[in-house]
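**Q** Give me a model of this one.
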Amino acid sequence: MSRPRALISHPFLTPSGGGNAVAAWTLQALREQFDLTLATLGDVDHEALNRNFGTSLRASDFAIRIAPARWRAAVRYSPTRGALFQACVMMRWAQQLDRAGRFDLLFSTQNEADFGRAGVQYVHYPWLYLPRPDVEMQWFHRIPGFLAAYRGICTRVANATNEGLRRNFMLANSRFVAERIRKVHGVESQVVYPPVPGGFPDISWEQRKAGVVALGRMVHLKRWEMAVEIVERARAAGAGLTLTLISHREESASARRIGALAAARPWFRILYDLTRAELVREVAAHRFGIHTMEDEHFGIAPAELQRAGCVTLVHRSGGPVEIVGGREELMFADAAEGSQRLARAALDPTLQDDLRRYVEGRRDCFSEERFCREVRSVAASRCGVF
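**A** The predicted structure is shown next:
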């Protein structure tokens with residue numbers, strides 16, 4: 001008996017980022033139940049995905065259909081970074097593939113998609129939502145009329161309508177994003193938290209460093225200067241903490257600023273381009289974690305820190321609030337509050353033990369197994385074949 005056919009739509013499946021982790025684990029979750037086809041704009045490196053996300057994908061698990069050269073060229077030579085344009089090109093390509101051979105399930109893992117008929121879409125942040133977070137805005141977005149014109153062009157490329165986007169079954173990566181889906185689309189969505197890679201060694205609290213660890217790219221929206229300030233203030237309050245930032249080497253103004261801060265502080269170091277094996281060992285060797293980005297949609301990095309058993313402090317906004325379960329002692333609004341929270345967690349043995357046990361109880365809240373189980377359930381309910 002032949003299996004039902006599913007089309008997974010994702011612009012570029014690369015081995016970094018939470019959105020790509022969702023796509024990779026969706027393929028892994030559905031590979032036993034469906035004949036899978038991945039509609040995409042570029043090549044796929046299965047080994048790199050497995051190495052970075054902990055999947056075990058094989059070339060035989062899914063067919064890859066790369067969009068025609070003319071569409072890839074349009075994306076490549078777009079005058080902006082064009083995340084929305086990429087998504088709309090993907091809609092057009094998925095529509096063409098479905099017309100050529102109708103699939104039993106259509107599934108976008110990169111936000112809303114108008115397939116021309118109902119499907120499933122996993123929304124990291126609804127692209128129709130306005131205003132966009134300031135951290136996502138570029139200079140050209142502030143040109144009067146530019147954003148409306150750009151969206152109009154993208155919509156025409158995609159052959160999409162707002163009604164077409166709304167007829168899909170919507171999955172949200174957090175309650176924070178589900179609320180924005182409700183505001184912009186007027187519909188409810190099911191929260192399916194992203195898969196957070198595990199594999200962290202079980203290191204006892206006593207063997208861990210009295211230090212703080214952070215994960216993320218060297219970009220301004222991560223606000224690593226605030227993380228440095230928080231740890232510096234906590235040290236001044238008597239907490240003898242170090243700070244380790246694990247990132248990728250980049251040539252940018254942000255990277256140069258953070259590098260200069262590390263060069264002037266012997267207690268602050270930056271580790272670049274670690275392998276996954278090196279990363280899990282380093283993170284699990286720390287007692288504390290920190291994540292300073294504001295209004296993060298979900299936050300794979302703080303969820304990884306929690307999976308590693310680190311008592312992790314997050315900004316009081318967005319999805320990370322859900323990751324730490326809304327625990328007041330683990331949230332901060334600014335550097336002053338963050339340093340107070342961190343210093344108390346480091347210096348108060350009773351609180352520290354309470355937070356350590358609290359984090360231990362949440363380590364598996366965002367596991368890959370949970371994600372796969374929920375995706376398979378959604379796929380089966382929406383396919384109509386099983």
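**Q** Which residues belonging to the host helix or strand of residue 245 are considered buried?
**A** Taking DSSP states H and E as the definition, residue 245 sits inside strand 242-247. Under the neighbour-count criterion of 16 or more other CB atoms under 10 Å, strand 242-247 has 242-247 buried. Where C-beta positions appear, they are placed from N, C-alpha and C, glycine not excepted.
**Q** quick one, domains of this protein?
**A** Under automatic domain parsing, the residue ranges defining each domain of the chain are 5-195+367-383, 205-360.
**Q** now these in JSON lines, with mean pLDDT?
**A** Converted to JSON lines, these look like this (pLDDT from 0 to 100):
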{"stretch": "domain 5-195+367-383", "mean pLDDT": "89"}
{"stretch": "domain 205-360", "mean pLDDT": "96"}
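**Q** Quick one: residues contacting residue 173.
**A** Residues in contact with residue 173 (CB atoms under 8 Å, 6 or more residues apart in numbering) are 18, 22, 122-124, 191-194, 297-298, 319.
**Q** run the last query once more with 6 Å
**A** By CB atoms under 6 Å, 6 or more residues apart in numbering, the contact list for residue 173 reads 124, 194, 298.
**Q** and the nearest residue to the last one once chain neighbours are set aside, how many neighbours does it have?
**A** Right, residue 298. Sequence neighbours aside, residue 319 is the residue nearest to residue 298 in space, at 3.8 Å (criterion: CB to CB, 6 or more residues apart in numbering). The number of residues packed around residue 319, counting by other CB atoms under 10 Å, is 27.
**Q** Just confirm residue 319 contacts residue 174, I think it does.
**A** Yes - using CB atoms under 6 Å, residue 319 and residue 174 qualify as a contacting pair, with a distance of 3.7 Å.
**Q** Now do the shared contacts for those two.
**A** Taking CB under 6 Å, 6+ apart as the contact definition, residue 319 and residue 174 share the neighbouring residues residue 298.
**Q** in the stretch 251-386 of the chain, which spans are strands?
**A** Remark: strands assigned in the stretch 251-386 of the chain by DSSP state E, counting those that start in this stretch are 268-272, 286-291, 311-315, 331-332.
**Q** Would you point to the one among these that's packed deepest?
**A** Relative to the other members of the strands of the stretch 251-386 of the chain, strand 311-315 carries the highest mean neighbour count by mean count of other CB atoms under 10 Å, namely a mean of 28.
**Q** which residues of the stretch 101-250 of the chain fall in helices?
**A** With DSSP state H, counting those that start in this stretch as the criterion, the stretch 101-250 of the chain has helices at 146-158, 162-166, 175-185, 224-236.
**Q** possible to save those as CSV with distance to residue 314 and mean neighbour count?
**A** Formatted as CSV, the entries for the helices of the stretch 101-250 of the chain read as follows, by distance: least, CB to CB, whole Å; neighbours: other CB atoms under 10 Å:
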stretch, distance to residue 314, mean neighbour count
helix 146-158, 30, 15
helix 162-166, 30, 17
helix 175-185, 12, 18
helix 224-236, 11, 21
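**Q** got TSV for the ones you listed, with distance to residue 98 too?
**A** TSV is the format used below for those (distance: least, CB to CB, whole Å):
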stretch	distance to residue 98
helix 146-158	14
helix 162-166	13
helix 175-185	22
helix 224-236	43
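**Q** Can you name every helix or strand that the helix of greatest length in the chain contacts?
**A** When the chain is scanned for its longest helix (criterion: DSSP state H), the result is helix 83-100. Using 3 or more CB pairs under 6 Å, 6 or more residues apart in numbering; DSSP states H and E as the contact test, the elements touching helix 83-100 are strand 35-40, helix 69-76, helix 146-158.
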